[in-house]
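1. coords below, sequence missing:
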């Protein structure tokens, strides 16, 4: 088998930390249980997946959130800013990607929505250096589905054995494996680099 040549690199909790509860706490009226309710309703589950796969547009999604009576009234622009500002740099990511680029092509593969991806591109130059992007809101498939990885293979013309997925979620790694793609479940950068 030939050496791997392409890293499929997840964003959330691999390159940046993600804290949806920061958004939920900032917008809830109910300081006790409100943040958890908002998280379950808008930041996880079926509704969020529709946003992440392009079935609901980002402005339509924000407008839906803005109408929720459990949220503080705020201008749509402020709500958008709160929705986007949930990320922090993950320790070691910049240096790790620099090392990876010496041996591999870097393709970003992320389950995300357009508002988060735009924010990430604007605030994390690391993401702008990727060679390709496979984003759920563009191709309509989450990485929990083998179809997301089949799409990468079909559209790129590369073989499965030319890829390695680095992702923090076991279910995504399992889907990649079903498509014949080797994966590393991310815990931290030193351990991940050791496994390559």
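-> Okay, I see it. Quick caveat: nothing in here was measured; it's all calculated off a predicted structure.

2. so the closest residue to residue 97 other than its chain neighbours is in which element?
-> Once flanking residues are discounted, residue 97 sits nearest to residue 126: 5.8 Å by C-beta to C-beta, 6 or more residues apart in numbering. C-beta: built from backbone N, CA, C; applies to glycine. Assigned by DSSP states H and E, residue 126 belongs to helix 125-128.

3. mind listing what the residue nearest to residue 97 touches?
-> Contact analysis of residue 126 by C-beta atoms under 8 Å, 6 or more residues apart in numbering lists 15, 93, 94, 97.

4. quick one: which of the residues you listed is nearest to residue 135?
-> residue 15 (13.9 Å; C-beta to C-beta).

5. All the helices of the chain, residue numbers only.
-> 20-27, 34-38, 46-52, 58-66, 76-84, 93-101, 114-123, 125-128, 136-139, 146-156, 170-178, 189-195 (DSSP state H).

6. could those helices go into JSON lines alongside distance to residue 5?
-> Formatted as JSON lines, the helices of the chain follow (distance: least, C-beta to C-beta, whole Å):
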{"stretch": "helix 20-27", "distance to residue 5": "34"}
{"stretch": "helix 34-38", "distance to residue 5": "42"}
{"stretch": "helix 46-52", "distance to residue 5": "28"}
{"stretch": "helix 58-66", "distance to residue 5": "34"}
{"stretch": "helix 76-84", "distance to residue 5": "33"}
{"stretch": "helix 93-101", "distance to residue 5": "12"}
{"stretch": "helix 114-123", "distance to residue 5": "24"}
{"stretch": "helix 125-128", "distance to residue 5": "20"}
{"stretch": "helix 136-139", "distance to residue 5": "21"}
{"stretch": "helix 146-156", "distance to residue 5": "11"}
{"stretch": "helix 170-178", "distance to residue 5": "16"}
{"stretch": "helix 189-195", "distance to residue 5": "17"}
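
7. Ok, which of those helices comes nearest residue 7?
-> Per C-beta to C-beta, nearest to residue 7 of the helices of the chain: helix 93-101, 5.7 Å.

8. avg pLDDT for the closest one?
-> Averaged across helix 93-101, pLDDT comes to 96.

9. gap between it and the chain center?
-> 18 Å (C-alpha atoms, centre = their mean, to the nearest Å).
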